[in-house]
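A.B. asks: What follows is a protein structure lacking sequence information:
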């Protein structure tokens, strides 16, 4: 798989081929987890941004012959406007009473890139960039800069934005230097 | 519902173990490590909060947690002896 797009309205596009699911929003991600992954219970503890990035990367990388072999040459570089805002709201709601440790750990945007790196045993660069808007030039330049590093040869990269559990999109691809 | 079954439900809810039912948790199995539920250090903090919120128990010595959180049985035993609500 070279590119994956997931939209909260139920559309999932794998290398240009579109499937439309009855499930929408968070239910779509949980359906895709049960259908395509199923062996990573930590998924259920993730915030919705991580669930979205995790499922998109699973669809992208599923079937790779040498998957889960530790490597440094593949980076994870994701971009979006919201970061973990949905989870931040949920965490804020617990602060007045008992601040939740399991929500707190997902209050950083780059946790999603870390989750993907941990799952796939990537030891290279892992970054999430929060932009004001989807600026293709900034994204392109940032990826090109990452490839200046002599170690980085490939990148799981793209746009991932999660405005709520019912309103999100992920458009990621595997890019080679 | 007895304390053990209640506790299993509360653990599933607190740790977001979606898709799991109380029947899936063996009250004697280890909560942490590869053999049992595979919980981690963040989950331990959630369990401490669970005891405080639901049973009014504040762990004064975090080192006690190692024994208390061995299994659902050990947790229920500690709660039964120390609960204030």
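C.D. replies: Alright, I've got the coordinates. Just so it is clear, the model here is predicted, and its values are computed rather than measured.
A.B. asks: So what does residue A:145 have for phi and psi?
C.D. replies: phi -60, psi -40 (degrees, to the nearest 10).
A.B. asks: swap in residue A:158?
C.D. replies: Backbone phi and psi, for residue A:158 under degrees, to the nearest 10, turn out to be phi 150, psi -170.
A.B. asks: Would you check how far apart it and residue A:94 are?
C.D. replies: 31 Å (CB to CB, to the nearest Å). For every residue, glycine as well, the C-beta is placed using N, CA and C.
A.B. asks: C-terminal to the top helix by length along chain A, what's the next element?
C.D. replies: What stands out as the longest helix in chain A, according to DSSP state H, is helix A:48-61. Using DSSP states H and E, the helix or strand that follows helix A:48-61 in sequence is strand A:74-80.
A.B. asks: What are the contacting residues of whichever helix or strand comes after that next one?
C.D. replies: Downstream of strand A:74-80, the next assigned helix or strand under DSSP H and E is helix A:85-95. Helix A:85-95 has contacts (CB atoms under 8 Å, 6 or more residues apart in numbering or on different chains) with A:47-49, A:99-100, A:103-104, A:106-107, A:162-165.
A.B. asks: okay, and the helix or strand of chain B with the least pLDDT?
C.D. replies: None of the helices or strands of chain B scores lower by mean pLDDT, DSSP states H and E than helix B:65-68, at a mean of 89.
A.B. asks: Also chain A?
C.D. replies: Bottom-ranked secondary element of chain A by mean pLDDT, DSSP H and E: helix A:101-104, a mean of 89.
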